[in-house]
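Q: Below: sequence and its predicted model.
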There are 2 protein chains.
Amino acid sequence: MIESLLLKLESHDVVSEDEKSVLRSLITQQKHFSVDEDLVTEGSRPSYSTLLLEGFAARYKVLEDGSRQITSLQVSGDFVDLHAFPLKIMDHGIVALTPCRVALFDHKDINLITEKFPHLTRLLWLQTLIDGAIHREWIVGMGRRSKKTHLSHLICELYVRLQVVGQTSGGSFNFPLTQSELADVMGISIVHLNKSLQMLRQENLFTWASKAVNILDWERLAEYADFNPLYLNLSIEAR
Amino acid sequence: MIESLLLKLESHDVVSEDEKSVLRSLITQQKHFSVDEDLVTEGSRPSYSTLLLEGFAARYKVLEDGSRQITSLQVSGDFVDLHAFPLKIMDHGIVALTPCRVALFDHKDINLITEKFPHLTRLLWLQTLIDGAIHREWIVGMGRRSKKTHLSHLICELYVRLQVVGQTSGGSFNFPLTQSELADVMGISIVHLNKSLQMLRQENLFTWASKAVNILDWERLAEYADFNPLYLNLSIEAR
DNA sequence: CGCAGTGTTGAAGCATATCAACTTGGGTGG
DNA sequence: CCACCCAAGTTGATATGCTTCAACACTGCG
(Lines give C-alpha, C1' and ligand atoms only; values in the text may rest on other atoms or scores of the structure.)
Protein backbone atom coordinates (compact mmCIF):
# COMPACT_ATOMS: atom_id res chain seq x y z
CA MET A 1 0.00 0.00 0.00
CA ILE A 2 2.83 2.37 0.74
CA GLU A 3 4.78 0.95 -2.18
CA SER A 4 5.18 4.32 -3.85
CA LEU A 5 6.83 5.73 -0.74
CA LEU A 6 9.17 2.75 -0.61
CA LEU A 7 10.02 3.16 -4.29
CA LYS A 8 10.88 6.76 -3.59
CA LEU A 9 13.05 5.97 -0.59
CA GLU A 10 14.77 3.21 -2.49
CA SER A 11 15.72 5.60 -5.25
CA HIS A 12 18.05 7.25 -2.71
CA ASP A 13 19.39 4.44 -0.56
CA VAL A 14 18.87 0.83 0.45
CA VAL A 15 15.90 0.40 2.79
CA SER A 16 16.07 -2.56 5.15
CA GLU A 17 13.20 -4.97 5.76
CA ASP A 18 12.99 -3.71 9.34
CA GLU A 19 12.57 -0.16 8.17
CA LYS A 20 9.95 -1.14 5.64
CA SER A 21 7.93 -3.01 8.20
CA VAL A 22 8.06 -0.16 10.72
CA LEU A 23 6.66 2.15 8.11
CA ARG A 24 3.97 -0.34 7.18
CA SER A 25 3.04 -0.89 10.78
CA LEU A 26 2.62 2.78 11.58
CA ILE A 27 -0.22 3.60 9.25
CA THR A 28 -3.09 4.29 11.54
CA GLN A 29 -5.69 5.20 9.04
CA GLN A 30 -6.55 5.74 5.41
CA LYS A 31 -8.63 8.56 4.05
CA HIS A 32 -10.14 9.86 0.82
CA PHE A 33 -10.47 13.40 -0.41
CA SER A 34 -12.37 14.70 -3.38
CA VAL A 35 -11.30 17.42 -5.79
CA ASP A 36 -10.80 20.87 -4.27
CA GLU A 37 -11.02 19.51 -0.77
CA ASP A 38 -8.21 20.51 1.62
CA LEU A 39 -6.04 17.62 2.82
CA VAL A 40 -4.57 20.00 5.37
CA THR A 41 -5.74 23.50 6.15
CA GLU A 42 -3.61 26.56 6.79
CA GLY A 43 -3.24 27.42 10.44
CA SER A 44 -4.12 23.92 11.62
CA ARG A 45 -2.01 21.94 14.03
CA PRO A 46 -2.12 18.40 12.73
CA SER A 47 -1.22 15.55 15.08
CA TYR A 48 -0.43 13.28 12.14
CA SER A 49 1.35 13.51 8.80
CA THR A 50 -0.23 12.69 5.49
CA LEU A 51 1.29 10.37 2.92
CA LEU A 52 -0.22 10.72 -0.52
CA LEU A 53 -0.93 7.27 -1.93
CA GLU A 54 -2.84 8.20 -5.02
CA GLY A 55 -3.75 11.42 -6.78
CA PHE A 56 -2.28 14.90 -7.21
CA ALA A 57 -2.24 17.59 -4.55
CA ALA A 58 -0.81 21.08 -4.24
CA ARG A 59 0.58 23.23 -1.44
CA TYR A 60 -0.68 26.76 -1.74
CA LYS A 61 -1.05 30.12 -0.10
CA VAL A 62 -3.88 32.55 -0.74
CA LEU A 63 -3.25 36.28 -0.47
CA GLU A 64 -5.56 39.01 0.79
CA ASP A 65 -6.63 39.93 -2.73
CA GLY A 66 -7.73 36.35 -3.35
CA SER A 67 -4.88 35.40 -5.68
CA ARG A 68 -3.33 32.01 -5.09
CA GLN A 69 0.22 30.76 -5.42
CA ILE A 70 0.92 27.05 -5.57
CA THR A 71 4.27 26.37 -3.95
CA SER A 72 4.57 22.69 -4.73
CA LEU A 73 2.94 19.78 -6.47
CA GLN A 74 2.64 16.46 -4.67
CA VAL A 75 2.28 13.05 -6.25
CA SER A 76 1.98 9.45 -5.08
CA GLY A 77 4.61 8.58 -2.51
CA ASP A 78 5.04 12.17 -1.33
CA PHE A 79 4.69 12.98 2.33
CA VAL A 80 2.65 16.12 1.89
CA ASP A 81 3.18 17.47 5.38
CA LEU A 82 5.99 15.56 6.98
CA HIS A 83 7.37 18.97 7.90
CA ALA A 84 4.35 19.57 10.09
CA PHE A 85 5.94 17.15 12.51
CA PRO A 86 8.66 19.47 13.87
CA LEU A 87 7.01 22.59 12.44
CA LYS A 88 3.78 22.12 14.43
CA ILE A 89 1.57 24.75 12.78
CA MET A 90 0.80 24.68 9.06
CA ASP A 91 1.64 27.95 7.38
CA HIS A 92 -0.07 26.91 4.15
CA GLY A 93 -2.87 24.67 2.91
CA ILE A 94 -2.77 21.52 0.81
CA VAL A 95 -5.55 20.91 -1.67
CA ALA A 96 -6.53 17.85 -3.69
CA LEU A 97 -6.21 18.52 -7.43
CA THR A 98 -7.71 15.10 -8.18
CA PRO A 99 -9.47 12.62 -5.91
CA CYS A 100 -6.82 11.59 -3.40
CA ARG A 101 -6.20 8.55 -1.26
CA VAL A 102 -3.89 9.13 1.69
CA ALA A 103 -2.43 7.32 4.68
CA LEU A 104 -1.99 8.99 8.04
CA PHE A 105 1.07 8.68 10.29
CA ASP A 106 0.74 9.79 13.86
CA HIS A 107 3.37 12.33 14.92
CA LYS A 108 4.01 10.29 18.03
CA ASP A 109 5.06 7.43 15.77
CA ILE A 110 7.31 9.58 13.61
CA ASN A 111 8.87 10.77 16.81
CA LEU A 112 9.47 7.15 17.65
CA ILE A 113 11.24 6.66 14.33
CA THR A 114 13.62 9.50 15.21
CA GLU A 115 14.31 7.81 18.55
CA LYS A 116 14.86 4.27 17.32
CA PHE A 117 15.64 4.35 13.62
CA PRO A 118 18.30 6.94 12.83
CA HIS A 119 18.89 5.76 9.30
CA LEU A 120 15.21 5.85 8.45
CA THR A 121 15.06 9.28 10.08
CA ARG A 122 17.78 10.47 7.75
CA LEU A 123 15.84 9.11 4.78
CA LEU A 124 12.71 10.97 5.84
CA TRP A 125 14.73 14.10 6.48
CA LEU A 126 16.13 13.67 2.99
CA GLN A 127 12.62 13.76 1.53
CA THR A 128 11.99 17.15 3.09
CA LEU A 129 15.38 18.36 1.85
CA ILE A 130 14.48 17.36 -1.68
CA ASP A 131 11.26 19.34 -1.28
CA GLY A 132 13.53 22.27 -0.49
CA ALA A 133 15.71 21.61 -3.54
CA ILE A 134 12.59 21.58 -5.71
CA HIS A 135 11.52 24.89 -4.17
CA ARG A 136 14.88 26.38 -5.09
CA GLU A 137 14.53 25.18 -8.64
CA TRP A 138 11.08 26.78 -8.81
CA ILE A 139 12.49 30.05 -7.51
CA VAL A 140 15.06 29.97 -10.30
CA GLY A 141 12.32 29.21 -12.79
CA MET A 142 10.16 32.09 -11.62
CA GLY A 143 12.97 34.56 -11.33
CA ARG A 144 15.31 33.93 -14.19
CA ARG A 145 13.83 31.58 -16.76
CA SER A 146 11.56 32.48 -19.64
CA LYS A 147 8.01 31.23 -19.23
CA LYS A 148 8.51 28.67 -21.97
CA THR A 149 11.65 27.33 -20.33
CA HIS A 150 10.08 27.36 -16.88
CA LEU A 151 7.09 25.43 -18.14
CA SER A 152 9.13 22.80 -19.92
CA HIS A 153 11.35 22.48 -16.86
CA LEU A 154 8.26 21.68 -14.81
CA ILE A 155 7.28 19.00 -17.30
CA CYS A 156 10.74 17.44 -17.01
CA GLU A 157 10.61 17.53 -13.23
CA LEU A 158 7.20 15.90 -13.05
CA TYR A 159 8.23 13.24 -15.53
CA VAL A 160 11.26 12.23 -13.50
CA ARG A 161 9.43 12.33 -10.19
CA LEU A 162 6.58 10.22 -11.54
CA GLN A 163 8.99 7.78 -13.15
CA VAL A 164 10.51 7.04 -9.75
CA VAL A 165 7.16 5.90 -8.41
CA GLY A 166 6.25 3.98 -11.53
CA GLN A 167 3.62 6.40 -12.77
CA THR A 168 4.90 6.88 -16.28
CA SER A 169 4.55 4.66 -19.31
CA GLY A 170 6.98 5.31 -22.10
CA GLY A 171 7.27 9.05 -22.45
CA SER A 172 3.82 9.81 -21.12
CA PHE A 173 2.23 10.43 -17.78
CA ASN A 174 -0.97 11.61 -16.25
CA PHE A 175 -1.00 15.37 -15.71
CA PRO A 176 -4.45 16.36 -14.51
CA LEU A 177 -3.94 20.07 -13.78
CA THR A 178 -6.12 22.70 -15.38
CA GLN A 179 -4.45 25.66 -17.06
CA SER A 180 -5.70 27.82 -14.25
CA GLU A 181 -3.90 25.64 -11.71
CA LEU A 182 -0.72 25.63 -13.79
CA ALA A 183 -0.89 29.41 -13.92
CA ASP A 184 -1.01 29.43 -10.11
CA VAL A 185 2.05 27.19 -10.09
CA MET A 186 4.03 29.54 -12.31
CA GLY A 187 2.70 32.76 -10.84
CA ILE A 188 1.32 34.13 -14.10
CA SER A 189 -2.13 34.84 -15.50
CA ILE A 190 -4.20 32.14 -17.21
CA VAL A 191 -4.19 34.07 -20.47
CA HIS A 192 -0.46 34.35 -20.51
CA LEU A 193 0.01 30.73 -19.58
CA ASN A 194 -2.24 29.73 -22.42
CA LYS A 195 -0.25 31.79 -24.91
CA SER A 196 3.12 30.54 -23.67
CA LEU A 197 1.80 27.01 -23.94
CA GLN A 198 0.78 27.55 -27.52
CA MET A 199 4.19 28.88 -28.45
CA LEU A 200 5.75 25.91 -26.72
CA ARG A 201 3.55 23.53 -28.69
CA GLN A 202 5.17 24.77 -31.87
CA GLU A 203 8.49 23.43 -30.61
CA ASN A 204 7.07 19.91 -30.75
CA LEU A 205 8.74 18.85 -27.55
CA PHE A 206 5.67 17.36 -25.92
CA THR A 207 1.91 17.18 -26.21
CA TRP A 208 -0.57 17.82 -23.44
CA ALA A 209 -4.11 16.73 -24.12
CA SER A 210 -6.94 15.11 -22.16
CA LYS A 211 -5.03 15.33 -18.88
CA ALA A 212 -1.93 13.50 -20.14
CA VAL A 213 1.49 14.67 -21.20
CA ASN A 214 3.40 12.82 -23.86
CA ILE A 215 7.05 13.66 -24.25
CA LEU A 216 8.08 13.44 -27.90
CA ASP A 217 11.83 13.85 -27.54
CA TRP A 218 13.27 13.70 -24.04
CA GLU A 219 16.77 14.73 -25.04
CA ARG A 220 15.62 17.85 -26.83
CA LEU A 221 13.12 18.71 -24.11
CA ALA A 222 15.69 18.44 -21.33
CA GLU A 223 18.11 20.52 -23.37
CA TYR A 224 15.46 23.13 -24.11
CA ALA A 225 14.38 23.27 -20.46
CA ASP A 226 17.95 23.44 -19.17
CA PHE A 227 16.96 20.51 -16.98
CA ASN A 228 19.55 18.84 -14.76
CA PRO A 229 18.01 16.20 -12.49
CA LEU A 230 20.87 16.44 -9.99
CA TYR A 231 18.67 18.35 -7.53
CA LEU A 232 16.31 15.39 -7.21
CA ASN A 233 19.15 13.32 -5.78
CA LEU A 234 18.33 10.13 -7.61
CA SER A 235 21.41 8.17 -6.80
CA ILE A 236 21.63 5.33 -4.37
CA GLU A 237 24.06 6.27 -1.64
CA ALA A 238 24.61 5.53 2.01
CA ARG A 239 22.73 8.38 3.64
CA MET B 1 31.35 30.92 19.51
CA ILE B 2 28.34 29.12 18.19
CA GLU B 3 26.10 31.30 20.31
CA SER B 4 24.09 32.53 17.36
CA LEU B 5 23.21 28.94 16.44
CA LEU B 6 22.17 28.26 20.02
CA LEU B 7 20.05 31.40 20.09
CA LYS B 8 18.34 30.21 16.95
CA LEU B 9 17.69 26.71 18.28
CA GLU B 10 16.45 28.14 21.56
CA SER B 11 13.90 30.26 19.75
CA HIS B 12 12.15 26.98 18.85
CA ASP B 13 12.62 24.71 21.84
CA VAL B 14 14.60 24.19 25.01
CA VAL B 15 18.15 22.99 24.32
CA SER B 16 19.78 20.92 27.05
CA GLU B 17 23.32 21.47 28.31
CA ASP B 18 24.27 18.08 26.91
CA GLU B 19 23.07 19.08 23.48
CA LYS B 20 24.88 22.40 23.65
CA SER B 21 28.14 20.79 24.61
CA VAL B 22 27.92 18.17 21.86
CA LEU B 23 27.52 20.93 19.33
CA ARG B 24 30.40 22.89 20.82
CA SER B 25 32.62 19.82 20.84
CA LEU B 26 32.04 18.95 17.23
CA ILE B 27 33.49 22.05 15.61
CA THR B 28 36.57 20.77 13.91
CA GLN B 29 37.72 23.92 12.28
CA GLN B 30 37.07 27.60 11.65
CA LYS B 31 37.52 29.37 8.36
CA HIS B 32 37.34 32.81 6.80
CA PHE B 33 36.04 33.83 3.40
CA SER B 34 36.30 37.17 1.68
CA VAL B 35 33.63 38.89 -0.40
CA ASP B 36 32.56 37.05 -3.55
CA GLU B 37 34.37 33.92 -2.51
CA ASP B 38 32.37 30.67 -2.63
CA LEU B 39 31.81 29.03 0.75
CA VAL B 40 30.59 25.97 -1.10
CA THR B 41 30.71 25.38 -4.82
CA GLU B 42 28.03 23.86 -7.01
CA GLY B 43 28.66 20.24 -7.87
CA SER B 44 30.98 19.68 -4.92
CA ARG B 45 30.58 16.83 -2.47
CA PRO B 46 31.42 18.34 0.89
CA SER B 47 32.35 16.02 3.75
CA TYR B 48 31.44 18.69 6.30
CA SER B 49 28.67 21.23 6.83
CA THR B 50 29.23 24.93 7.22
CA LEU B 51 27.79 27.01 10.04
CA LEU B 52 27.85 30.73 9.35
CA LEU B 53 29.16 32.53 12.44
CA GLU B 54 29.48 36.02 11.08
CA GLY B 55 28.62 37.74 7.82
CA PHE B 56 26.04 37.42 5.06
CA ALA B 57 26.00 34.71 2.41
CA ALA B 58 23.69 33.69 -0.41
CA ARG B 59 22.69 30.45 -2.10
CA TYR B 60 22.53 30.90 -5.83
CA LYS B 61 22.29 29.24 -9.18
CA VAL B 62 23.77 30.61 -12.38
CA LEU B 63 22.06 29.88 -15.72
CA GLU B 64 23.60 29.26 -19.11
CA ASP B 65 23.08 32.88 -20.17
CA GLY B 66 25.02 34.07 -17.14
CA SER B 67 22.04 35.38 -15.18
CA ARG B 68 21.99 34.55 -11.50
CA GLN B 69 19.16 33.77 -9.12
CA ILE B 70 19.74 33.95 -5.40
CA THR B 71 17.55 31.36 -3.71
CA SER B 72 18.24 32.27 -0.10
CA LEU B 73 20.06 34.64 2.18
CA GLN B 74 22.03 33.28 5.11
CA VAL B 75 22.94 35.13 8.28
CA SER B 76 24.80 34.36 11.51
CA GLY B 77 23.63 31.14 13.09
CA ASP B 78 22.46 29.65 9.80
CA PHE B 79 23.74 26.26 8.75
CA VAL B 80 24.34 27.13 5.13
CA ASP B 81 24.61 23.57 3.87
CA LEU B 82 23.29 21.27 6.54
CA HIS B 83 21.26 19.72 3.76
CA ALA B 84 24.46 18.61 2.07
CA PHE B 85 24.65 15.96 4.76
CA PRO B 86 21.95 13.63 3.44
CA LEU B 87 21.89 15.30 0.02
CA LYS B 88 25.54 14.53 -0.73
CA ILE B 89 26.07 16.63 -3.86
CA MET B 90 25.55 20.39 -3.87
CA ASP B 91 23.14 21.45 -6.60
CA HIS B 92 23.91 25.14 -6.02
CA GLY B 93 26.72 27.37 -4.81
CA ILE B 94 26.96 29.56 -1.72
CA VAL B 95 28.79 32.85 -1.97
CA ALA B 96 29.99 35.30 0.68
CA LEU B 97 28.23 38.66 0.34
CA THR B 98 30.43 40.11 3.08
CA PRO B 99 33.56 38.72 4.72
CA CYS B 100 32.41 35.55 6.47
CA ARG B 101 33.59 33.55 9.43
CA VAL B 102 32.36 29.97 9.52
CA ALA B 103 32.68 26.80 11.57
CA LEU B 104 32.84 23.37 10.00
CA PHE B 105 31.01 20.27 11.20
CA ASP B 106 32.14 16.94 9.87
CA HIS B 107 29.33 14.90 8.32
CA LYS B 108 30.47 11.89 10.32
CA ASP B 109 29.76 13.88 13.46
CA ILE B 110 26.35 15.02 12.29
CA ASN B 111 25.63 11.40 11.55
CA LEU B 112 26.59 10.66 15.13
CA ILE B 113 24.07 13.24 16.33
CA THR B 114 21.33 11.43 14.42
CA GLU B 115 22.40 8.17 16.06
CA LYS B 116 22.66 9.40 19.65
CA PHE B 117 20.71 12.63 20.00
CA PRO B 118 17.25 12.30 18.50
CA HIS B 119 15.93 15.51 19.98
CA LEU B 120 18.87 17.52 18.69
CA THR B 121 18.41 15.80 15.34
CA ARG B 122 14.83 17.02 15.24
CA LEU B 123 15.99 20.54 16.01
CA LEU B 124 18.50 20.45 13.17
CA TRP B 125 15.88 18.96 10.87
CA LEU B 126 13.63 21.81 11.91
CA GLN B 127 16.20 24.34 10.72
CA THR B 128 16.16 22.84 7.23
CA LEU B 129 12.36 22.81 7.31
CA ILE B 130 12.30 26.50 8.11
CA ASP B 131 14.61 27.04 5.15
CA GLY B 132 11.90 25.33 3.12
CA ALA B 133 9.19 27.53 4.61
CA ILE B 134 11.22 30.61 3.68
CA HIS B 135 11.58 29.27 0.14
CA ARG B 136 7.81 28.93 -0.09
CA GLU B 137 7.32 32.48 1.10
CA TRP B 138 9.77 33.66 -1.56
CA ILE B 139 7.89 31.72 -4.22
CA VAL B 140 4.71 33.50 -3.16
CA GLY B 141 6.54 36.81 -3.25
CA MET B 142 7.89 36.22 -6.73
CA GLY B 143 4.67 34.84 -8.14
CA ARG B 144 1.86 36.81 -6.62
CA ARG B 145 3.08 39.88 -4.78
CA SER B 146 3.83 43.28 -6.27
CA LYS B 147 7.53 44.14 -6.29
CA LYS B 148 7.00 46.75 -3.58
CA THR B 149 5.23 44.26 -1.35
CA HIS B 150 7.76 41.53 -2.06
CA LEU B 151 10.62 43.84 -1.18
CA SER B 152 9.09 45.04 2.05
CA HIS B 153 8.27 41.44 2.95
CA LEU B 154 11.94 40.59 2.59
CA ILE B 155 12.87 43.45 4.89
CA CYS B 156 10.43 42.14 7.49
CA GLU B 157 11.78 38.62 7.20
CA LEU B 158 15.39 39.70 7.57
CA TYR B 159 14.53 41.88 10.53
CA VAL B 160 12.87 39.04 12.40
CA ARG B 161 15.57 36.51 11.54
CA LEU B 162 18.32 38.88 12.63
CA GLN B 163 16.47 39.76 15.81
CA VAL B 164 16.50 36.11 16.86
CA VAL B 165 20.28 36.03 16.76
CA GLY B 166 20.67 39.43 18.38
CA GLN B 167 21.79 41.27 15.30
CA THR B 168 19.32 44.15 15.44
CA SER B 169 19.35 47.26 17.57
CA GLY B 170 16.04 49.04 17.89
CA GLY B 171 14.44 49.01 14.48
CA SER B 172 17.67 48.84 12.55
CA PHE B 173 20.00 46.18 11.28
CA ASN B 174 22.94 45.71 9.01
CA PHE B 175 21.90 44.96 5.46
CA PRO B 176 25.02 44.90 3.31
CA LEU B 177 23.58 43.79 -0.05
CA THR B 178 24.10 45.81 -3.20
CA GLN B 179 21.07 46.65 -5.32
CA SER B 180 22.40 44.27 -7.91
CA GLU B 181 22.39 41.43 -5.37
CA LEU B 182 18.89 42.33 -4.19
CA ALA B 183 17.75 42.25 -7.81
CA ASP B 184 19.13 38.71 -8.06
CA VAL B 185 17.17 37.82 -4.92
CA MET B 186 13.91 39.08 -6.37
CA GLY B 187 14.51 37.92 -9.91
CA ILE B 188 14.15 41.35 -11.51
CA SER B 189 16.49 43.78 -13.26
CA ILE B 190 18.62 46.27 -11.35
CA VAL B 191 16.87 49.20 -12.96
CA HIS B 192 13.47 47.97 -11.98
CA LEU B 193 14.60 47.18 -8.47
CA ASN B 194 15.95 50.69 -8.15
CA LYS B 195 12.68 52.22 -9.28
CA SER B 196 10.55 50.00 -7.02
CA LEU B 197 12.79 50.95 -4.16
CA GLN B 198 12.30 54.62 -4.83
CA MET B 199 8.56 54.27 -4.91
CA LEU B 200 8.74 52.33 -1.68
CA ARG B 201 10.81 55.09 -0.09
CA GLN B 202 7.91 57.45 -0.55
CA GLU B 203 5.85 55.26 1.75
CA ASN B 204 8.22 56.13 4.59
CA LEU B 205 8.18 52.63 6.00
CA PHE B 206 11.93 52.21 6.31
CA THR B 207 15.20 53.75 5.21
CA TRP B 208 18.12 51.92 3.66
CA ALA B 209 21.38 53.80 3.50
CA SER B 210 25.06 52.99 3.99
CA LYS B 211 24.39 49.27 4.29
CA ALA B 212 21.87 49.57 7.11
CA VAL B 213 18.09 49.34 7.19
CA ASN B 214 16.13 51.34 9.70
CA ILE B 215 12.50 50.45 10.15
CA LEU B 216 10.45 53.54 10.88
CA ASP B 217 7.12 51.95 11.72
CA TRP B 218 7.08 48.19 12.18
CA GLU B 219 3.31 47.88 12.44
CA ARG B 220 2.68 49.73 9.21
CA LEU B 221 5.52 47.94 7.42
CA ALA B 222 4.28 44.49 8.43
CA GLU B 223 0.77 45.45 7.38
CA TYR B 224 1.98 46.86 4.06
CA ALA B 225 4.12 43.77 3.40
CA ASP B 226 1.34 41.35 4.37
CA PHE B 227 3.92 39.82 6.69
CA ASN B 228 2.94 37.01 9.02
CA PRO B 229 5.94 35.57 10.90
CA LEU B 230 4.19 32.25 11.50
CA TYR B 231 6.28 30.52 8.85
CA LEU B 232 9.47 31.21 10.82
CA ASN B 233 8.14 29.08 13.67
CA LEU B 234 9.31 31.30 16.47
CA SER B 235 7.52 29.65 19.31
CA ILE B 236 9.06 27.49 21.94
CA GLU B 237 7.52 24.06 21.74
CA ALA B 238 8.51 20.48 22.45
CA ARG B 239 9.76 19.38 19.05
C1' DC C 1 43.73 62.53 -9.28
C1' DG C 2 41.67 58.93 -11.48
C1' DC C 3 39.44 54.66 -11.48
C1' DA C 4 35.95 51.19 -10.44
C1' DG C 5 31.96 49.79 -8.33
C1' DT C 6 27.49 51.39 -7.17
C1' DG C 7 23.45 54.02 -7.68
C1' DT C 8 20.25 56.87 -10.66
C1' DT C 9 17.88 58.41 -14.79
C1' DG C 10 15.15 58.51 -19.36
C1' DA C 11 13.65 56.42 -23.52
C1' DA C 12 12.20 52.61 -26.21
C1' DG C 13 10.55 48.03 -26.81
C1' DC C 14 9.01 43.68 -25.23
C1' DA C 15 6.45 40.82 -21.61
C1' DT C 16 2.57 40.17 -18.99
C1' DA C 17 -1.96 41.50 -16.92
C1' DT C 18 -6.67 42.57 -17.43
C1' DC C 19 -11.08 42.55 -19.52
C1' DA C 20 -14.42 40.77 -22.30
C1' DA C 21 -16.03 37.77 -25.56
C1' DC C 22 -16.31 33.50 -27.79
C1' DT C 23 -15.54 28.25 -28.49
C1' DT C 24 -15.27 23.61 -27.03
C1' DG C 25 -16.34 19.44 -24.66
C1' DG C 26 -18.12 16.50 -21.10
C1' DG C 27 -21.85 15.72 -17.98
C1' DT C 28 -26.60 15.96 -16.58
C1' DG C 29 -31.52 16.40 -16.41
C1' DG C 30 -35.75 16.63 -19.11
C1' DC D 1 -31.12 10.90 -26.67
C1' DC D 2 -31.03 15.46 -27.11
C1' DA D 3 -30.65 20.07 -25.18
C1' DC D 4 -28.55 22.56 -22.17
C1' DC D 5 -25.13 24.08 -18.97
C1' DC D 6 -20.93 24.90 -16.87
C1' DA D 7 -16.14 24.55 -16.58
C1' DA D 8 -12.18 24.83 -19.30
C1' DG D 9 -9.76 26.60 -23.06
C1' DT D 10 -8.91 30.26 -26.59
C1' DT D 11 -8.71 34.86 -28.68
C1' DG D 12 -7.91 40.02 -29.47
C1' DA D 13 -7.45 44.59 -27.67
C1' DT D 14 -5.63 47.70 -24.48
C1' DA D 15 -2.97 49.08 -20.44
C1' DT D 16 0.65 48.45 -17.26
C1' DG D 17 4.96 46.22 -15.71
C1' DC D 18 9.46 45.21 -16.61
C1' DT D 19 13.82 44.88 -19.37
C1' DT D 20 17.38 46.71 -21.99
C1' DC D 21 20.52 50.12 -23.39
C1' DA D 22 23.03 54.00 -22.70
C1' DA D 23 24.39 57.76 -20.19
C1' DC D 24 25.61 60.18 -16.08
C1' DA D 25 26.43 61.01 -10.85
C1' DC D 26 28.36 59.64 -6.64
C1' DT D 27 31.58 57.54 -3.50
C1' DG D 28 35.51 55.27 -1.56
C1' DC D 29 40.02 54.03 -2.41
C1' DG D 30 44.69 53.38 -4.52
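A: Perfect, I can see it now. A quick note: this is a predicted structure, and the numbers were derived from the prediction, not measured.
Q: Is the residue nearest in space to the middle of chain A bridged to anything, and to what?
A: By CA atoms, centre = their mean, chain A has its centre lying nearest to A:Gln74, at 2.8 Å. Residues found in beta-bridge contact with A:Gln74 (criterion: DSSP bridges) are A:Ala57.
Q: how close does it sit to B:Ala84?
A: From A:Gln74 across to B:Ala84, the span is 24 Å (CB to CB, to the nearest Å). In this view, the C-beta of every residue, glycine as well, is placed from N, C-alpha and C.
Q: Check A:Glu203 too.
A: Using CB to CB, which is the criterion applied here, A:Glu203 is 36 Å from B:Ala84.
Q: Pick out whichever of these two has more residues nearby.
A: When neighbours are counted by other CB atoms under 10 Å in any protein chain shown, A:Glu203 and B:Ala84 differ, and B:Ala84 comes out ahead with 24 against 14.
Q: And the strands in chain A?
A: Assigned by DSSP state E, chain A shows strands spanning A:27-33, A:38-40, A:48-54, A:57-62, A:68-74, A:93-96, A:100-106, A:168-169, A:172-174, A:206-209, A:212-215.
Q: Compare these and give me the one nearest DNA strand C.
A: Nearest to DNA strand C, of all the strands of chain A, is strand A:206-209, at 9.5 Å by CB to the nearest atom of the strand.
Q: starting at the chain centroid, how far to that closest one?
A: On the basis of CA atoms, centre = their mean, to the nearest Å, the separation between the geometric centre of strand A:206-209 and that of its chain is 20 Å.
Q: Sheet partners, orientation included, of that strand?
A: Strands that pair with strand A:206-209, judged by DSSP bridges, come out as strand A:212-215 (antiparallel).
Q: anything in the strand it pairs with near DNA strand C?
A: No - with CB under 7 Å from any atom of the strand as the criterion, DNA strand C is not reached by strand A:212-215; the gap is at least 12.4 Å.
Q: buried set for that strand?
A: Going by neighbour count (16 or more other CB atoms under 10 Å in any protein chain shown), the buried part of strand A:212-215 is A:Val213, A:Ile215.
Q: Also stretch A:4-12?
A: By neighbour count with 16+ other CB under 10 Å, stretch A:4-12 contains the buried residues A:Ser4, A:Leu5, A:Leu6, A:Leu7, A:Lys8, A:Leu9, A:Ser11, A:His12.
Q: can you give me the end-to-end distance of stretch A:207-226?
A: 19 Å (CA to CA, to the nearest Å).
Q: should've said stretch A:70-82
A: In stretch A:70-82, first residue to last residue: 18 Å (CA to CA).
Q: got the angle for the longest helix along chain A vs strand A:68-74?
A: Among the elements of chain A assigned as helix by DSSP state H, the one spanning the most residues is helix A:118-144. Here the directions of helix A:118-144 and strand A:68-74 differ by 140 degrees (axes from the mean of the first three to the mean of the last three CA atoms, to 10 degrees).
Q: re earlier: please tabulate the strands of chain A in a markdown table, including the columns mean pLDDT.
A: As requested, the strands of chain A are arranged in a markdown table below (pLDDT from 0 to 100):
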| stretch | mean pLDDT |
| --- | --- |
| strand A:27-33 | 91 |
| strand A:38-40 | 96 |
| strand A:48-54 | 96 |
| strand A:57-62 | 98 |
| strand A:68-74 | 98 |
| strand A:93-96 | 97 |
| strand A:100-106 | 96 |
| strand A:168-169 | 95 |
| strand A:172-174 | 96 |
| strand A:206-209 | 94 |
| strand A:212-215 | 96 |
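Q: Thank you, goodbye.
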